[in-house]
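K.L.:
how would this look folded up:
(one chain, ligands or ions: 2)
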Amino acid sequence: MSSAAEFQTIGIAGAGAYGAALALAAARAGRKVLLWARDEATVAAIATNREVPRLPGVPLPDSISVTSSLANLAEAQALIVTVPTQNLRQACDAMARSLPAGRPVISAAKGIEQATGLFTTQVIAEAWPGSTTAILSGPSFAADIGRGLPTAVTLAAEDPDLAQALAQALSSPAFRIYHSADPRGVEIGGAAKNVLAIAAGIAIGLGYGESARAALVARGFSELRRFGEAYGAQGETLMGLSGLGDVVLSCASAQSRNFAFGLALGQGKTAAEAAGGKLAEGAFTASILAEMALARGVETPIADAVTAIIAGHVSVRESVAGLLARPIRAEI
Ligand SMILES: NC(=O)C1=CN([C@@H]2O[C@H](COP(=O)(O)OP(=O)(O)OC[C@H]3O[C@@H](n4cnc5c(N)ncnc54)[C@H](OP(=O)(O)O)[C@@H]3O)[C@@H](O)[C@H]2O)C=CC1
Ligand SMILES: O=C(CO)COP(=O)(O)O
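P.N.:
Residues are numbered from 1 along each chain as shown. Ligands and ions are numbered 1, 2, ... in the order given. Here you go, the predicted structure:
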């Protein structure tokens, strides 16, 4: 039986925008936080300025310390990994070399590993054998968490007691964490919503308007649900914060980097120009998600279209015309 009191110190691996946000959330929940960045210069800048460069304007309290040594995370009773999905394996390999396995490792990444088709908790389990995995996901911009605005997410683990204990340990009045025993459902929602956010951005970038966006979001959610159920997600999870909730947020706001990436594609930029050096997880997830859907006989026309556009195989307009020319069919 796990209890929140076990988790007094939290280690956070990855000092980007979300790592900073979750460090602040954990500190506000009364935890001591050890924030790890791989780069010495970043650690020095954070220690001096008491803010994370990728989340500027939010001062870090004294309960957050920063380190470039993974061995210093040994004191933490639970770890949260906040590096991009395609770099998660590398980060977990490094942790496995520096720390004993066993403590809970919570993924906060939203994607599918391109090279393997593994979801993020599977990547952690494979790269760091013996770790107990969990996933935290849901509608939450790092900047909103940083400002202390009300936010709600889901934390899931196979062991419901562990999920509940971690959720309690990390929750505070403005950062509410619901718990779940369906980690696969939670991680699929977070990965797939990024692909849909790109599609929604494309529709707006093309000037197709709000009705088109609403249609895309609804049909996209149906795609997410089919894919999720084919890969073992529970329907109720997909309807929750980490699925529908994050689709609503990310498809509606230009604050989403995935939406902004799609918007730029729709306005005629190439994929490289549209990314502009910012992380758009959906750009890496779209093709593997489409491939995995095909392997299980699931239709994902929106993920297919996003994949073809990013690869430069079709123009944005041709691709959208292809979607609009699909045969008329029953909605469900
Ligand atoms: N930002 C947000 O609002 C939210 C983000 N997320 C998810 O969180 C994850 C991270 O996103 P976010 O923080 O925004 O991204 P950022 O681009 O802000 O930061 C990524 C961080 O990961 C670090 N990093 C990359 N590769 C490694 C590695 N191999 N080892 C250690 N550190 C590494 C980078 O370090 P360096 O500077 O050295 O490259 C950087 O500090 C993504 O999966 C995203 O979907 C989830 C919810 C909200
Ligand atoms: O996942 C997020 C909000 O829940 C952040 O979205 P972006 O990665 O698209 O900025």
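K.L.:
Verify the stated contact: A308 with V320.
P.N.:
No - the criterion here is C-beta atoms under 8 Å, and A308 misses it with V320 at 10.8 Å. In this view, the C-beta of every residue, glycine as well, is placed from N, C-alpha and C.
K.L.:
How about the contacts made by T120?
P.N.:
Neighbouring residues of T120 by C-beta atoms under 8 Å, 6 or more residues apart in numbering: 85, 88, 107, 109-113, 135, 187, 191.
K.L.:
which one of the residues you listed is nearest A197?
P.N.:
Proximity of the contacts of T120 to A197 (C-beta to C-beta) peaks at K110, which lies at 10.2 Å.
K.L.:
Could you check how far that closest one is from ligand 1?
P.N.:
Counting by C-beta to the nearest ligand atom, to the nearest Å, the gap from K110 to ligand 1 is 4 Å.
K.L.:
quick one, what contacts that residue?
P.N.:
Contacts for K110 were tallied using C-beta under 8 Å, 6+ apart; they are 85, 120, 137, 187, 190-191, 193-194, 246, 281.
K.L.:
Can you tell me which of those end up in strands?
P.N.:
With strands defined by DSSP state E, the entries of these inside them are S137.
K.L.:
can you narrow the contacts of K110 to ones near ligand 1?
P.N.:
Counting by C-beta under 6 Å from any ligand atom, the subset of the contacts of K110 that neighbours ligand 1 consists of 85, 281.
K.L.:
Quick one: which of the contacts of K110 is the most crowded by neighbours?
P.N.:
K193 (34 neighbours; other C-beta atoms under 10 Å).
K.L.:
Isn't S107 up against T133?
P.N.:
Yes - if you go by C-beta under 8 Å, S107 and T133 touch, sitting 6.8 Å apart.
K.L.:
more neighbours, those two?
P.N.:
Set side by side, S107 and T133 show more neighbours around S107, with 29 against 23, by other C-beta under 10 Å.
K.L.:
which residues does that one contact?
P.N.:
Per C-beta under 8 Å, 6+ apart, neighbours of S107: 81, 88, 120-121, 123-124, 133-136, 187.
K.L.:
cutoff 10 Å now
P.N.:
By C-beta atoms under 10 Å, 6 or more residues apart in numbering, S107 lies in contact with 79-83, 85, 88, 92, 119-124, 133-137, 183, 186-187, 190.
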